[in-house]
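Enquirer: Could you look at this predicted model? Sequence included:
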Amino acid sequence: VLSFIIFICYIASVPTAFMMAALLEFLLALFLFFAYASKLNEKFKGLYWPLMDFLRCVTAAIIYFAISIAAVSKYSDGASKAAGVFGFIATIVYAIDFYITFNDLVTFLKQGSSDSPEGRKSEDEDSDSDSD
C-alpha cells in the first residue's frame, strides 16, 4: 500500500522518473503477496522464497532511501515532498521487514547446518545396528 501511495505521489510530482522504482517495488510486493496467498511457494520448492523476500526488502529500503533524499532535497513541489516523506516511512518499514526476515533466514540456516551432521550420525547408527 505504501509503495502504491508513493507511486501516485511521484506521478503527480515533477521527478516522474522516480515513479518507476516505486512501481517496480509495488509490483514485486504484489507478486510475493499473491504467491504466498495462493500457496505458490509450496508448489515451487526449488526457490527459497524467504530469501527472495529478504533481497526485495534490502533493495527496496536502499532504493527508497536514495530516491527520497533526492526528492526532498532537489525538488520543491508538494507531491515530491510527500513522496519523499512516504519514501522515508517505507524505508523504515522495509528495514523492519528486512530485520525480521533476516532473523528467519539465520534460524533456518542454523537449523539446516545442525541437522545435517546429526542426520548423518543417526543414519550411520541405524546402518550399524542393522548389520549387528
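Expert: Received it, and whenever you're ready, just let me know what you need.

Enquirer: what about residue 106, neighbour count?
Expert: 10 (other C-beta atoms under 10 Å). (Glycine included, C-beta is placed from N, CA and C.)

Enquirer: So what does it look like in phi/psi?
Expert: phi -60, psi -40 (degrees, to the nearest 10).

Enquirer: Please shift the residue numbers so they start at 9 in all later answers.
Expert: All right, first residue 9 from here; so that's residue 114.

Enquirer: Can you read off the pLDDT for it?
Expert: At residue 114, the model reports a pLDDT of 83.

Enquirer: just residue 138 next, same as before
Expert: pLDDT recorded at residue 138 is 52.

Enquirer: now swap in residue 104 and tell me
Expert: 92.

Enquirer: May I ask which helix or strand encompasses it?
Expert: Secondary structure assigned from DSSP states H and E places residue 104 in helix 86-139.

Enquirer: mind checking which helix or strand of the protein has the lowest mean pLDDT?
Expert: Within the chain, no helix or strand scores below helix 86-139, which has a mean of 73 by mean pLDDT, DSSP states H and E.

Enquirer: which residues touch residue 20?
Expert: Each residue near residue 20 by C-beta atoms under 8 Å, 6 or more residues apart in numbering is listed here: residue 87.

Enquirer: quick one: it from residue 55, how far?
Expert: Using C-beta to C-beta, to the nearest Å, residue 20 is found at 36 Å from residue 55.

Enquirer: how about stretch 86-103: buried residues?
Expert: Under the neighbour-count criterion of 16 or more other C-beta atoms under 10 Å, stretch 86-103 has 87-88, 90-92, 94-96, 98-99, 101-103 buried.

Enquirer: Let's have these in a markdown table, adding distance to residue 31.
Expert: Rendered in a markdown table, the data for those read as follows (distance: C-beta to C-beta, whole Å):
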| residue | distance to residue 31 |
| --- | --- |
| 87 | 15 |
| 88 | 16 |
| 90 | 17 |
| 91 | 12 |
| 92 | 17 |
| 94 | 14 |
| 95 | 13 |
| 96 | 19 |
| 98 | 13 |
| 99 | 17 |
| 101 | 17 |
| 102 | 16 |
| 103 | 21 |
